[in-house]
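Student: please work out how this folds:
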Amino acid sequence: MLRRLTVFLLLLMCLLPCAAQAQETNTQLTHYLLLGQDGYAEDVVEDARTDTIVIVTLDETHNRVIMTSVLRDSKIKNPNGNDTKANLLYRYFGFDGITSCLERELQIEIEGAVLVNFEHVKPVIDALGGVDIEITEAEYIAIRNILLGQDPNMPDGPGMTHMTGRIALAYMRARATGSGGDFGRTERQRKVISQLLEKCRSLSLTELVCIYNQVSEGIKMDLSAMDVLRAISKGYALIEGGATFEEFSIPQSGTYSYGTVGDSSSALIFSWKSNREAFHEILNNP
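Tutor: Presented below is the predicted three-dimensional model:
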C-alpha cells in the first residue's frame, strides 16, 4: 500500500508542473494572415508574390494586437515538402498552401487570410488623415527615388514627416535604405499599420466597416462576410478597450544565415523551431 502511495505521489509531482504549464497557455488568441501584393497593378493579381506576410493576432486575454512579420525570403517547406521561399507559397499554392505551411511551422490555427493590393491602401491612409513617422536620410532618398521626386507632399528631408497615402506607400515599399534590408522594410510596414490601428480608436464600428468597404475591391480573401464582420467587431472591441500594439519578426535577429533555395535564389536560412518557441513566448507572456 505504501509503495502504491509513493508511486502515486511521484506521478502527481510530475504532472503538477505540466498542469501549471498548460494553464499558462493563452487560449484567447485569434490569428489572421495579412498578405500584401507589392506592385503597381490596380487589382489583385492571381500569381502575385506576397512580399508582405503579417500574422495579425488578436489577444483578448492581455488586450493586445500583435503583428508578426514573416520575411518574404524565409526558407520554408511547401505543401509538397520541397524547399521554397515564403513569398512564393501563395503564388503556387494559394491561401490554403501558405496558411497550412505557416500553421505547421508555428503551430497555430489561422482563422483566415486576406490578400491586399497596396494601391488600395492609399485611400485608407488618406481617409484616416495620414501618418506621422520619423524618417532617416536613406529613407528620404528612397521615397524620392520611388516617386521620382514628383509629389506635392514630398518630404523636405529626414526627420518627422507627415505622410499621405502615396508617400506612406513609397515608404513601405522602400528596400534600398542603406541598412536593414527586408527587416527594415517589414519594420516600416508595421509602423504604418500600427499608426493606422491607433487612429481607429476614435472611429465607430460603422465607420470601420465603411473603411473596409473602401478597400474591398482591392482585397481577396478566404473569409466569409460573417467572418469579416466578426473579425472587425473583435478588433474594434480590443482597440476601443485600449489595446496595445506589439511587433514581432520571423526570423529573429541573430537566428538566421544567408543561403540559397531552388534556382540559387537568395534565402534566409533559420530554425523554425527556435523561432516558433520565441513566438509562443510572446503570445503567452506579454
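Student: look up phi and psi at residue 61.
Tutor: phi -70, psi -50 (degrees, to the nearest 10).
Student: find the nearest non-adjacent residue to it, please.
Tutor: residue 28 (4.1 Å; CB to CB, 6 or more residues apart in numbering). Backbone N, C-alpha and C define where each C-beta goes, glycine included.
Student: equivalent analysis for residue 129, please.
Tutor: residue 199 is the one closest to residue 129 (CB to CB, 6+ apart), at 6.8 Å.
Student: list the buried residues in stretch 138-149.
Tutor: Judged by neighbour count (16 or more other CB atoms under 10 Å), stretch 138-149 contains these buried residues: 138, 139, 140, 141, 142, 143, 144, 146.
Student: a markdown table please, covering these and showing pLDDT, distance to residue 240 and secondary structure.
Tutor: Shown next, in a markdown table, are those (pLDDT from 0 to 100; distance: CB to CB, whole Å; DSSP: H, G, I helix; E, B strand; the rest coil):
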| residue | pLDDT | distance to residue 240 | secondary structure |
| --- | --- | --- | --- |
| 138 | 91 | 37 | helix |
| 139 | 93 | 32 | helix |
| 140 | 93 | 35 | helix |
| 141 | 92 | 39 | helix |
| 142 | 92 | 36 | helix |
| 143 | 93 | 33 | helix |
| 144 | 92 | 38 | helix |
| 146 | 90 | 35 | helix |
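Student: what about residue 130, distance to residue 185?
Tutor: 20 Å (CB to CB, to the nearest Å).
Student: neighbour count winner among these two?
Tutor: residue 185 (24 against 19; other CB atoms under 10 Å).
Student: coming back round to it: could you dump the buried residues of stretch 138-149 to CSV with distance to residue 95?
Tutor: As requested, the buried residues of stretch 138-149 are arranged in CSV below (distance: CB to CB, whole Å):
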residue, distance to residue 95
138, 35
139, 32
140, 37
141, 37
142, 31
143, 32
144, 36
146, 29
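Student: closest one of those to residue 97?
Tutor: Closest approach between these and residue 97, by CB to CB: residue 146, at 30.5 Å.
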